[in-house]
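*Asks:* Below is the structure, and that's it, no one-letter string:
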DNA sequence: AATGAATGAGGCTTCATTCAT
DNA sequence: CATGAATGAAGCCTCATTCAT
């Protein structure tokens, strides 16, 4: 490899960051290579020194997304309780970019997956890994085992991810509203589900 | 003239059907007007006799989607029980087109909403209407009132829709698998949620 | 031929009148066949029953122009004095259409003559005929013979026509101003030239 | 790289020269961007690096025309006598291009001015400036003051310009004839007018 | 390593023309 | 006679990609 900050890696990062912004703003195919180069403050030709073509940029961004999700999963795994792990996972969409940037990007990523098999494989890989991770998390969790509700850990994980993705999908309709407000509202609903799934009936209404 | 439908309406439908297929296959912007005309078996120019431009075709498709959802909501409203209404809603994605066509299209529609304000308004309109309809359905339903789980009808509706959308988003990753199989698996998980939300604990396991 | 008002002739007239308006408004090539049909209140296809194609319409309009000029020349010839004849000629641009319509059309006609040889022939024919007519008019006129200014009748005619055309060319820059005002101003200048050319110095100031 | 001019300016010039030729040959709207690129020996896309769109090319050409006229006016102003100044102005149409190219272009420019307000403004600007310049020239000229013929300097200028434009308009009908021959004939007529306007009768025949 | 001029295929759209009704 | 739906070539413009500097 190379040390942490040598030019090649830096350049790649710089380009990918710019690409991410452009893709979120205009979509994979509406964003032009020129848009990306302008956003990155470099020339168009330079992009081609680090990426074979536009598709390679898209793939690289998708890869980056995959890694982000894996890191997230790792952090979730280290949370003391299942509910805390879920909160970590749910807050995924907040890095250096605003949540809507991530949301717009992810929705476009799924849309692209519907056409581009390479992207589809990659997204499937991400979701499968995440799903497996959360399924394990649930299987190992005492709260889950107790509440279980007649559902398998796998089914519980599916419910949870569907909720996550469904909320993310709605984000793009509220591009103008303050991110925190959106997230808070969504978190409230998500917590309702988690409580429902993972609280023992013996505890009665938990509030 | 013609028997059932006047030609203009027929043509519009024919074009929209072709556009739907192309949009699902390649996305709004990757699908060319030529693709659509070829799929419809007509010439490119003819499309412009029925639609001002490509954007108008996209808008018309989005409108069609809106109406489909509204009809669906109407049918759901007439179901005898809440759970049956939810089943109706969940089965949305099956008309003349295969479910994946609808899914791919809807995901792209949301992606587009993230950029095109006109599309965003339309999609927001659809989701708002649907949400309101289901919220009312829940508010009027005895099962819901009983189980309620400390959630407002509105929150319950949000949960349900998030699940719906989340599942739909995943559809695009399974473009190759038989639709029924996908739907069945998803339905199972969805029923789990509905049971959880709307069954009195006194009744025990319902399914 | 046919009687004065049989449909074919009427239709042709109707189409040509509409074409004239469209050509003046948008130019020969910017005006579409659809524009013309709409202006005439008929269908596009019908135009093709009366004209082989768009070029034929342009040619027919040019022909019409030629006839209009010839009639004008005829009227000018019957004027009692040369100066009156010139006034008739100069007022050419006023039929059922506003003068600017004619001006815009004529300028476009000359522009088209620069490319389309058939139109060039036709326009040349018009100008040649008109020139010959006016040259004769001058040659026969006592005023002219007296003043003559060392110019041949032919040269005098050239001067007069250049003035006419030059003024007409400027009309298109004043599309918004009241036609009478423009014409009056131009007429004043034209009269100055005519007086200069055709008044004996012995007569002193004539105007 | 280049010796005298930086490449961007060269390219713009190259494109404008090619556009001028194409516009004169086929008219503004009949000349395609492909025609221009072929004439310039470059690709279509390259034109768009130097001009926003086709209209911008037309505007640039019109601007160029404006500057050419202004330079001409400057040269005319420096002529020792009024008659010599007029000769300079009249010979306008001869630069690097053949006179007919200029004539065809100017006639088309006026035709376009009849429809496109932006072009109309520009052409009006040119004619107004030129007219003002010549009016001043006349007002300051002793020959004019003497002969005057009861006309104001402004009216005299109008006469002169109408003659110029009228002759230019006729140029397009003689696209095939040798330019010098045309010019000579026209010059002879023009001189007749000038002599008439600006020669004291006491001097008798001047030419 | 970096630039950005240059290419040309391909997309959207218009429009003259035809033809079934 | 009249309509207007239908065709498809052609025009304007964009953009991924290459390459000389």
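*Replies:* Structure received. Because the structure is predicted, anything quoted here is derived from the model rather than measured.

*Asks:* hmm, which helix or strand of chain A has the shakiest average pLDDT?
*Replies:* helix A:142-147 (a mean of 73; mean pLDDT, DSSP states H and E).

*Asks:* Any chance you could list what contacts it?
*Replies:* Helix A:142-147 is contacted from outside by A:81-83, A:138, A:153, A:156, A:197-201, using C-beta atoms under 8 Å, 6 or more residues apart in numbering or on different chains. Yep, even glycine has a C-beta here, placed from its N, CA and C like the rest.

*Asks:* just stretch A:47-57 next, same as before
*Replies:* By C-beta under 8 Å, 6+ apart, the surrounding residues in contact with stretch A:47-57 are A:8, A:11-12, A:15-16, A:19, A:33, A:36-37, A:40, A:60, A:116, A:118.

*Asks:* hmm, try it at 10 Å
*Replies:* The set of residues external to stretch A:47-57 that reach it, using C-beta atoms under 10 Å, 6 or more residues apart in numbering or on different chains, is A:8-9, A:11-16, A:18-20, A:22-23, A:28-29, A:31-34, A:36-37, A:40, A:42-43, A:58-60, A:116, A:118-119.

*Asks:* Same question for that stretch: list its buried residues.
*Replies:* Of the residues in stretch A:47-57, those buried under the neighbour-count criterion (16 or more other C-beta atoms under 10 Å in any protein chain shown) are A:47, A:50-51, A:54, A:57.

*Asks:* Now do the end-to-end distance for it.
*Replies:* Here the two ends of stretch A:47-57 are set 9 Å apart, with distance taken as C-alpha to C-alpha, to the nearest Å.

*Asks:* Against residue A:77, how distant is the residue nearest to residue A:198 when sequence neighbours are not counted?
*Replies:* Counting by C-beta to C-beta, 6 or more residues apart in numbering or on different chains, the nearest residue to residue A:198 once its immediate chain neighbours are dropped is residue A:143, at 4.4 Å. In this structure, residue A:143 lies at 16 Å from residue A:77, with C-beta to C-beta, to the nearest Å as the measure.

*Asks:* tally of neighbours for residue A:30?
*Replies:* Residue A:30 is surrounded by 16 other residues when neighbours are defined as other C-beta atoms under 10 Å in any protein chain shown.

*Asks:* ok, which of the buried residues of stretch A:47-57 also contact DNA strand F?
*Replies:* Residues shared between the buried residues of stretch A:47-57 and the neighbourhood of DNA strand F are residue A:54 [C-beta under 7 Å from any atom of the strand].

*Asks:* now the buried residues of stretch A:47-57 as CSV including pLDDT?
*Replies:* Shown next, in CSV, are the buried residues of stretch A:47-57 (pLDDT from 0 to 100):
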residue, pLDDT
A:47, 98
A:50, 97
A:51, 97
A:54, 97
A:57, 96
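
*Asks:* Name the nearest of the buried residues of stretch A:47-57 relative to residue D:91.
*Replies:* Proximity to residue D:91 was ranked across these by C-beta to C-beta; first place goes to residue A:47, at 54.2 Å.

*Asks:* can the helix or strand hosting that closest one be found next to DNA strand E?
*Replies:* Secondary structure here is read from DSSP states H and E; on that basis residue A:47 sits in helix A:44-50. Yes - for helix A:44-50 and DNA strand E, the contact criterion (C-beta under 7 Å from any atom of the strand) is met by A:44-46, A:48-49.

*Asks:* if we can go back for a sec, burial check on the residue nearest to residue A:198, number of neighbours?
*Replies:* Around residue A:143 there are 16 other residues, counting by other C-beta under 10 Å.

*Asks:* after the helix holding residue A:47 comes which helix or strand?
*Replies:* Once helix A:44-50 ends, the next helix or strand along the chain (criterion: DSSP H and E) is helix A:54-77.

*Asks:* which parts of that next one are buried?
*Replies:* Within helix A:54-77, judged by 16+ other C-beta under 10 Å, the buried ones are A:54, A:57-62, A:64-66, A:69, A:72-73, A:76.

*Asks:* of those, closest to chain D?
*Replies:* Proximity of these to chain D (C-beta to the nearest C-beta) peaks at residue A:54, which lies at 17.6 Å.

*Asks:* Just the pLDDT at residue A:204, thanks.
*Replies:* Listed pLDDT for residue A:204 reads 42.

*Asks:* try residue A:3
*Replies:* The per-residue pLDDT reported for residue A:3 equals 49.

*Asks:* name the element the residue of chain A found nearest chain D belongs to?
*Replies:* Checking chain A residue by residue against chain D with C-beta to the nearest C-beta singles out residue A:34 as nearest, at 11.5 Å. Under the criterion DSSP H and E, the helix or strand holding residue A:34 is helix A:33-40.

*Asks:* any idea of the mean pLDDT for that helix?
*Replies:* The predicted model assigns helix A:33-40 a mean pLDDT of 97.

*Asks:* Quickly check: it near DNA strand F or not.
*Replies:* Yes - shown here: helix A:33-40 in contact with DNA strand F (C-beta under 7 Å from any atom of the strand) through A:33-34.

*Asks:* before we move on, what about stretch A:61-68?
*Replies:* No - Stretch A:61-68 lies apart from DNA strand F when judged by C-beta under 7 Å from any atom of the strand; the minimum separation is 14.0 Å.

*Asks:* starting at the chain centroid, how far to that stretch?
*Replies:* In this view, stretch A:61-68 has its centroid 9 Å away from the chain centroid, taken as C-alpha atoms, centre = their mean, to the nearest Å.

*Asks:* One more: stretch A:10-22?
*Replies:* That offset, for stretch A:10-22, works out to 17 Å (C-alpha atoms, centre = their mean).

*Asks:* Can you list the buried residues in that stretch?
*Replies:* Residues of stretch A:10-22 classed as buried under the neighbour-count rule (16+ other C-beta under 10 Å) are A:11-12, A:14-22.

*Asks:* pLDDT value on residue A:112, please?
*Replies:* pLDDT at residue A:112 comes out at 93.

*Asks:* I'd like to know how far residue A:86 sits from residue A:64.
*Replies:* The gap separating residue A:86 from residue A:64 is 23 Å, by C-beta to C-beta.

*Asks:* Tell me, how many residues neighbour the residue in chain A that DNA strand E sits nearest to?
*Replies:* Nearest residue of chain A to DNA strand E: residue A:45, at 1.8 Å (C-beta to the nearest atom of the strand). Other residues near residue A:45 number 9, with proximity taken as other C-beta under 10 Å.

*Asks:* what does chain A have sitting close to DNA strand F?
*Replies:* On the criterion C-beta under 7 Å from any atom of the strand, DNA strand F has as its neighbours in chain A the residues A:29-34, A:44-45, A:48, A:53-55.

*Asks:* Is it correct that residue A:83 is in contact with residue A:192?
*Replies:* No - with the criterion set as C-beta atoms under 10 Å, residue A:83 and residue A:192 do not qualify as a contacting pair; they are 12.0 Å apart.

*Asks:* Quick check: can you list the domain ranges of chain A?
*Replies:* Partitioning chain A according to automatic domain parsing yields domains covering residues A:1-51, A:56-201.

*Asks:* roughly how far out does the first one sit from the chain middle?
*Replies:* Its chain's C-alpha centre and that of domain A:1-51 lie 20 Å apart, by C-alpha atoms, centre = their mean.

*Asks:* just the last one next, same as before
*Replies:* Its chain's average C-alpha position is 6 Å from that of domain A:56-201, according to C-alpha atoms, centre = their mean.

*Asks:* Does it reach DNA strand E?
*Replies:* No - with C-beta under 7 Å from any atom of the strand as the criterion, DNA strand E is not reached by domain A:56-201; the gap is at least 13.6 Å.
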